[in-house]
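A.B. asks: have a look at this prediction, sequence included:
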Amino acid sequence: MLIALTLIWGINWPVMKLGVQHFPPLSFRMASMWVGLPILAAFVVWRRLPLAVPRAYWPRLAQLTLFNMVLWNSLIIIAIPMLSSGRAAILGYTMPIFSAVLGSLFFHDRLAPRAWAGVAAALAGVLLLLWHEVGALGSRPIGVGLMLAAALSWAFGTQKLRRAEVPVPLLTMTLWMVALTALTLTVLAFVFERHLWHWPDAQATGAIVFNGVLVLGFGQTVWFFLARSLPPVASTLSVMMIPVLGVFSGAWWLGEVLHWQDWTAVALMVVAIASVLWPARGR
């Protein structure tokens, strides 16, 4: 599941870049949500899972939705038109660094030296991948700030999701989180982009379907499963190959230029992943 998630979410960065070039950003993400929602609902019904969430847990579900879904999806889709797809992926996946620090400072996670080495490797990889983008990023501080804010929100949401005690199946919780996010993005798109609405062309339609079916319908469920079943630092650092794939797929698909720092970062991301997923030696 981790390999499938990495491939889908990694390739999706240039897909989203193409999508927002042909359709308003918030409306693009809103449409993707509404495509993915019936798929999740059908799977929940097929599995005969309960749909109801006890009233006492709705505030907690709303908080999880805000940090894991609403802020992340809104901020990244607004920032993507301002940045290259690969560098947007890199900035978004500073999340594991934020998550490890937040977990250690506020959630009393005890990180082994090997885990801190993984965080350092991930940070070094991010810095290397941004090496030749400093000038471009400096001229677009809004896009950079939005992506970093999205990463911080996702990191906090992941820590909260790990510790959330909501007495419903994970798929049911995912369904309601996507539904609440779709409604929120619909309101935002109507307020800010309704004057830009038009019928999506073939490229926008393909990107919307890819995001709805694979990125949201499949990927979001897999991510929540990993976030709840793996230790926090493992679930976050294990996806650090996604921005690397985003960089190289953007270079292949959109013609974004690669440098030696991109190749070095691949090795550092592998080190970061291995630091938390490599089995500990038995006594």
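C.D. replies: In hand now; what should we look at? Please read these numbers as outputs of a predicted model, since none were measured by experiment.
A.B. asks: which SS class is the closest residue to L26 other than its chain neighbours?
C.D. replies: Excluding its sequence neighbours, the residue lying closest to L26 (CB to CB, 6 or more residues apart in numbering) is A189, at 4.2 Å. (Glycine included, C-beta is placed from N, CA and C.) Counting by DSSP: H, G, I helix; E, B strand; the rest coil, the backbone at A189 sits in helix.
A.B. asks: spit out the contact partners of A189.
C.D. replies: A189 makes contacts with P24, L26, S27, M30, as judged by CB atoms under 8 Å, 6 or more residues apart in numbering.
A.B. asks: cutoff 10 Å now
C.D. replies: A189 is in contact with P24, P25, L26, S27, F28, R29, M30, A31, S74, L196, W197, counting by CB atoms under 10 Å, 6 or more residues apart in numbering.
A.B. asks: relative to L40, how far out is the first one?
C.D. replies: Counting by CB to CB, to the nearest Å, the separation of P24 from L40 is 24 Å.
A.B. asks: same check, this time on the fourth one
C.D. replies: Computed with CB to CB, the distance linking S27 and L40 is 20 Å.
A.B. asks: and those two? Which one has more around it.
C.D. replies: S27 (25 against 22; other CB atoms under 10 Å).
A.B. asks: ok, then the element right after the helix or strand the more buried one falls within?
C.D. replies: Per DSSP states H and E, S27 falls inside helix 25-46. Downstream of helix 25-46, the next assigned helix or strand under DSSP H and E is helix 58-65.
A.B. asks: now do that following helix: distance to the chain's middle.
C.D. replies: Here the centre of helix 58-65 is set off from its chain's centre by 18 Å, with CA atoms, centre = their mean, to the nearest Å.
A.B. asks: flag the shaky bits of the chain, pLDDT-wise.
C.D. replies: 129, 132-140, 232-238, 276-277, 279-283 (pLDDT under 70).
A.B. asks: could you rerun that using 90?
C.D. replies: 1-6, 43, 46-47, 82-145, 147-148, 158-171, 174, 216-283 (pLDDT under 90).
A.B. asks: which strands or helices does the helix holding S27 pack on?
C.D. replies: If contacts are counted by 3 or more CB pairs under 10 Å, 6 or more residues apart in numbering; DSSP states H and E, helix 25-46 sits against helix 2-22, helix 71-79, helix 170-193, helix 202-210, helix 221-229.
A.B. asks: need the contact partners of the fourth one.
C.D. replies: With contact meaning CB under 10 Å, 6+ apart, helix 202-210 is reached by 8, 11-12, 14-24, 27-36, 198-200, 215-216.
A.B. asks: so R48 versus F224, what's the distance?
C.D. replies: 20 Å.
A.B. asks: between these two, tell me which one has more neighbours.
C.D. replies: A direct count of neighbours by other CB under 10 Å for R48 and F224 places F224 higher, at 20 against 6.
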